[in-house]
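J.: For reference, the sequence and a predicted model appear below.
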2 protein chains.
Amino acid sequence: MMLSSSEIESLDDIIQRNKSIEKGDKVYSVGEKFTHIYAIRSGFLKSYCISESGEEQITGFHLAGEIVGLEGINTGVYLGFAEALETSQICAIPYEKLDKLNSSIDGLRQQLFKIMSQEITHNHELMLMLNQKNADEKIATFLLNLSAREALGKGLNLKFVLPMTRTDMANYLGLALETVSRIVGKLVKKEIISIDHKMVTIKQLDILSELAGASCHFSHPGEQNKLA
Amino acid sequence: MMLSSSEIESLDDIIQRNKSIEKGDKVYSVGEKFTHIYAIRSGFLKSYCISESGEEQITGFHLAGEIVGLEGINTGVYLGFAEALETSQICAIPYEKLDKLNSSIDGLRQQLFKIMSQEITHNHELMLMLNQKNADEKIATFLLNLSAREALGKGLNLKFVLPMTRTDMANYLGLALETVSRIVGKLVKKEIISIDHKMVTIKQLDILSELAGASCHFSHPGEQNKLA
DNA sequence: CGGGCGCTTGAACAGGGTCAACATCCGTGG
DNA sequence: CCACGGATGTTGACCCTGTTCAAGCGCCCG
């Protein structure tokens, strides 16, 4: 699923390459006019929204190769925040131009449809996790998922970075932060994983996979949808 | 957000109008080659997937005006099932042709992007609900959401149909079916709603809204995205 | 140095799950 | 027309998982 070189040239004309943002910086905020979608070149972002009662709900963690901002297409307004968890490089892609370009670049449009479809699928897997898994399974699933994504489709990284706080993990997984802390502690104590600062090492993949249990997923690994 | 009449004519050429399906019939099944997306003209569907351990996870309920099957775009294979909860009329739209048509019909393409974006947003709201709401809030939110959707963007229906079983509701909301039954019973006993067979009447909207509590939602009501 | 944030750990509590029994509805066939 | 069986829904009692509350530790950075 590659773009032709002429397609890439057209892309070059419109995207704003490698804008750098620091930890804590926001890519966009809720209520802002929707203008761009953003491809992550390197680093780590979280996206979240704020409920009426002021609580934060993390809707996703995003790393290199992924796209954020798609939820703004519908209303023309960003419906949440995207914020860097560490220094990151992002590409700003003006949706207006992308939309015009779309007609001429079939590959690009198809790619964008695939990315959105992929996000919908991912959300379905998330529902399964939030609804049917207990705390241990959630944590195990989360770690394996992160490991696979940091490996960029090349299987699993047995050693990878956990850039978010326990609070963020808890919020995303629908658990109390104490629960996350306890379970991660338990996994370390059982030597299923080990943690050094933000580095996680999976020491017993089989057991962790066992713990993760059921998943809906049916996606073809290896084939990652990217946009730039 | 209307299509021009020429656009509609082009659509007429490719869609298969008003195919009728009965309760329990499947529109598509997991693993089948992705060929069409489906617009619901009337009736009620549920979509769901099956986890490795064989458990069903309902990923959405869909009624007139909504689209199902989008999650197949990414892999070229349907990743779940869509099944009628009652006799329904659906339009089958061949994605292949729609994709070609896309180039010539800007409005249509934009519409499709909006619909997918809307679905992503909806999933984010769902996460908030599953993660942060307790059982009472989930039920209240679910009822209000259904009421609004059956009213097709014209505010709320105070009287509407609840076509799915308690088991389906429970599965979708991540609760035990006994819990759903208890809470619905409680709402009836407190005369906040009343139920006659499958008909629900909201008798005290203010209290039900209060119960539903926080939501992320930021969507413009009134403006519903449709495709046919 | 000190204060805040992130993280861990313990103890008590409760929301909702599980198990079990029973009621109700409905289609089917005798 | 009624009797049966299966699916659906209700209700009660008990108990477990994960939350809540509370205290304390380590670390970074001003």
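T.: Arrived safely, thanks for sending.
J.: if I pick the residue most central in space within chain A, what's in contact with it?
T.: The C-alpha lying nearest the average C-alpha coordinate of chain A belongs to A:His62 (C-alpha atoms, centre = their mean; 2.6 Å). Going by C-beta atoms under 8 Å, 6 or more residues apart in numbering or on different chains, A:His62 touches A:40, A:44-47, A:68, A:82. (C-beta placed from N, C-alpha, C; glycine too.)
J.: That one in helix, strand or coil?
T.: Counting by DSSP: H, G, I helix; E, B strand; the rest coil, the backbone at A:His62 sits in strand.
J.: The closest residue to it other than its chain neighbours: what's it in contact with?
T.: Here the nearest residue to A:His62 in space, its sequence neighbours aside, is A:Leu45; by C-beta to C-beta, 6 or more residues apart in numbering or on different chains that works out to 4.5 Å. Applying C-beta under 8 Å, 6+ apart, we find A:Leu45 in contact with A:27, A:61-63, A:68, A:82-85, A:88, A:90.
J.: Can you report phi and psi for A:Leu45?
T.: Listed backbone geometry of A:Leu45 is phi -120, psi 160, with angles given as degrees, to the nearest 10.
J.: And it, how close does it get to A:His122?
T.: In this structure, A:Leu45 lies at 15 Å from A:His122, with C-beta to C-beta, to the nearest Å as the measure.
J.: got any ranges where chain A has weak pLDDT?
T.: Judged against pLDDT under 70, the low-scoring parts of chain A cover residues A:1-14, A:16, A:102-106, A:153, A:214-228.
J.: Would you map out the domains in it?
T.: Under the assignment named as automatic domain parsing, the residue ranges that make up the domains of chain A are A:5-122, A:134-227.
J.: separation between A:His197 and DNA strand C?
T.: Computed with C-beta to the nearest atom of the strand, to the nearest Å, the distance linking A:His197 and DNA strand C is 9 Å.
J.: what residues does chain A put near DNA strand C?
T.: Chain A has residues A:165-167, A:177-178, A:180-182, A:184-185, A:195 near DNA strand C, with proximity defined as C-beta under 7 Å from any atom of the strand.
J.: can you list these in JSON lines and add neighbour count and distance to DNA strand D?
T.: What follows is the residues of chain A next to DNA strand C, written out as JSON lines (neighbours: other C-beta atoms under 10 Å in any protein chain shown; distance: C-beta to the nearest atom of the strand, whole Å):
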{"residue": "A:Thr165", "neighbour count": "13", "distance to DNA strand D": "11"}
{"residue": "A:Arg166", "neighbour count": "16", "distance to DNA strand D": "12"}
{"residue": "A:Thr167", "neighbour count": "14", "distance to DNA strand D": "12"}
{"residue": "A:Leu177", "neighbour count": "14", "distance to DNA strand D": "8"}
{"residue": "A:Glu178", "neighbour count": "10", "distance to DNA strand D": "4"}
{"residue": "A:Val180", "neighbour count": "23", "distance to DNA strand D": "8"}
{"residue": "A:Ser181", "neighbour count": "15", "distance to DNA strand D": "9"}
{"residue": "A:Arg182", "neighbour count": "14", "distance to DNA strand D": "7"}
{"residue": "A:Val184", "neighbour count": "18", "distance to DNA strand D": "13"}
{"residue": "A:Gly185", "neighbour count": "11", "distance to DNA strand D": "12"}
{"residue": "A:Ile195", "neighbour count": "13", "distance to DNA strand D": "13"}
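J.: Strands - which of those land there?
T.: Within the residues of chain A next to DNA strand C, membership in strands is found for A:Ile195, as judged by DSSP state E.
J.: Could you point out which of the residues of chain A next to DNA strand C is nearest to A:Leu98?
T.: Comparing the residues of chain A next to DNA strand C against A:Leu98 with C-beta to C-beta picks out A:Thr165 as the nearest, at 33.6 Å.
J.: A:Ser20: what's it in contact with?
T.: With C-beta under 8 Å, 6+ apart as the criterion, the residues that contact A:Ser20 are A:87-89.
J.: List buried residues within these.
T.: Among the contacts of A:Ser20, those scoring as buried are A:88-89 (criterion: 16 or more other C-beta atoms under 10 Å in any protein chain shown).
J.: tell me the phi and psi of A:Ile50?
T.: Main-chain torsions, A:Ile50, degrees, to the nearest 10: phi -120, psi 130.
J.: mind listing what it touches?
T.: Contact partners of A:Ile50, counting by C-beta under 8 Å, 6+ apart, are A:30, A:56-57, A:80-81, B:216.
J.: repeat for A:Leu211
T.: By C-beta under 8 Å, 6+ apart, the neighbours of A:Leu211 are A:136-137, A:140, A:192.
J.: Just give me the neighbour total for A:Asn18.
T.: 11 (other C-beta atoms under 10 Å in any protein chain shown).
J.: then stretch A:81-101 to PDB, C-alphas only?
T.: As requested, the backbone C-alpha atoms of stretch A:81-101 are provided in PDB (Å, rounded to 0.1, in the frame of the first residue of the first chain):
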ATOM      1  CA  PHE A  81      -7.200  17.600  22.600                       C
ATOM      2  CA  ALA A  82      -4.000  16.000  21.300                       C
ATOM      3  CA  GLU A  83      -1.000  16.500  23.500                       C
ATOM      4  CA  ALA A  84       2.600  15.400  23.300                       C
ATOM      5  CA  LEU A  85       3.800  13.000  26.000                       C
ATOM      6  CA  GLU A  86       7.400  13.500  24.900                       C
ATOM      7  CA  THR A  87       9.200  15.600  22.400                       C
ATOM      8  CA  SER A  88       7.600  14.700  19.000                       C
ATOM      9  CA  GLN A  89       7.800  15.500  15.300                       C
ATOM     10  CA  ILE A  90       4.600  15.900  13.500                       C
ATOM     11  CA  CYS A  91       3.400  16.700  10.000                       C
ATOM     12  CA  ALA A  92       0.500  19.100   9.700                       C
ATOM     13  CA  ILE A  93      -1.700  18.200   6.700                       C
ATOM     14  CA  PRO A  94      -4.300  20.800   5.700                       C
ATOM     15  CA  TYR A  95      -7.500  18.900   5.200                       C
ATOM     16  CA  GLU A  96      -8.900  21.400   2.800                       C
ATOM     17  CA  LYS A  97      -6.100  20.900   0.300                       C
ATOM     18  CA  LEU A  98      -6.000  17.200   1.000                       C
ATOM     19  CA  ASP A  99      -9.600  17.100   0.100                       C
ATOM     20  CA  LYS A 100      -9.100  18.800  -3.200                       C
ATOM     21  CA  LEU A 101      -6.100  16.700  -3.900                       C
END
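J.: Next, see if that stretch gets close to DNA strand D.
T.: No: counting by C-beta under 7 Å from any atom of the strand, DNA strand D is not contacted by stretch A:81-101; separation bottoms out at 12.0 Å.
J.: ok, so of the contacts of A:Leu45, who is nearest DNA strand D?
T.: Out of those, the one with the shortest distance to DNA strand D is A:Leu85. That distance is 14.2 Å, counting by C-beta to the nearest atom of the strand.
J.: Now that closest one, what are its backbone angles?
T.: According to degrees, to the nearest 10, the main-chain angles of A:Leu85 amount to phi -90, psi -10.
J.: how about it, what does it touch?
T.: Taking C-beta under 8 Å, 6+ apart as the definition of contact, the neighbours of A:Leu85 are A:23, A:43-46, A:61, A:163-164, A:168.
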